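# Pasting the sequence and the predicted coordinates here, then a few questions.
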Amino acid sequence: MLNNLLQKMMGSKEEPRSSEVARKRLKLALVCDSLEVSDEVLSNLREDLLKVISSYFEIDRAGFSLDIDKTDDYSALVMNTPILSSLRR
């Protein structure tokens, strides 16, 4: 318990709150709706990207994220993946 309190005070990385996760999911769903991108297409894209990146790097699949950010001027596909190491070929 004391450890958790110290981690929060020191600003360590912690699990995002469920409200933050829900907000991000809703935002992504709304953007996908406006771009007419189905959940299936986004899921397939995610898997394809994981497959390609994994052939070059060892990655943390749990830390992989794929989002679509939309502004008035453009839409952007934003991918973030923690790279653990480079694969030697």
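Received the coordinates, thanks.
# can you pull out the strands in this structure?
For the chain, the strands defined by DSSP state E cover 57-59, 65-70, 75-80, 83-86.
# Nearest approach to Lys24 belongs to which of the ones you listed?
Lys24 sits nearest to strand 65-70 of all the strands of the chain, at 7.4 Å, using CB to CB. C-beta: built from backbone N, CA, C; applies to glycine.
# count of residues packed around the nearest residue to Ser85 once chain neighbours are set aside?
The shortest distance from Ser85 to any residue other than its chain neighbours is 4.7 Å, reached at Glu58 (CB to CB, 6 or more residues apart in numbering). Residues near Glu58, counting by other CB atoms under 10 Å, number 13.
# so Arg61 makes contact with Leu50?
Yes - using CB atoms under 8 Å, Arg61 is in contact with Leu50, at 6.4 Å.
# So the two - more neighbours on which side?
Using other CB under 10 Å, the more surrounded residue of Arg61 and Leu50 is Leu50, with 16 against 11.
# what's the pLDDT at that one?
As predicted, Leu50 sits at a pLDDT of 92.
# for it, what are its contacts?
For Leu50, the contacting residues are 59, 61, 64, by CB atoms under 8 Å, 6 or more residues apart in numbering.
# Now do the first one against Val78, distance only.
Put plainly, it is Ile59. Plainly put, Ile59 is 16 Å away from Val78 if you go by CB to CB, to the nearest Å.
# Mind checking which of those two has more residues around it?
Set Ile59 next to Val78 and count neighbours by other CB under 10 Å: Ile59 wins out with 17 against 9.
# Got the phi and psi for the residue nearest to the more buried one when sequence neighbours are not counted?
Nearest non-adjacent residue to Ile59, counting by CB to CB, 6+ apart: Thr81, 5.0 Å away. Note on Thr81: its backbone torsions stand at phi -140, psi 130 [degrees, to the nearest 10].
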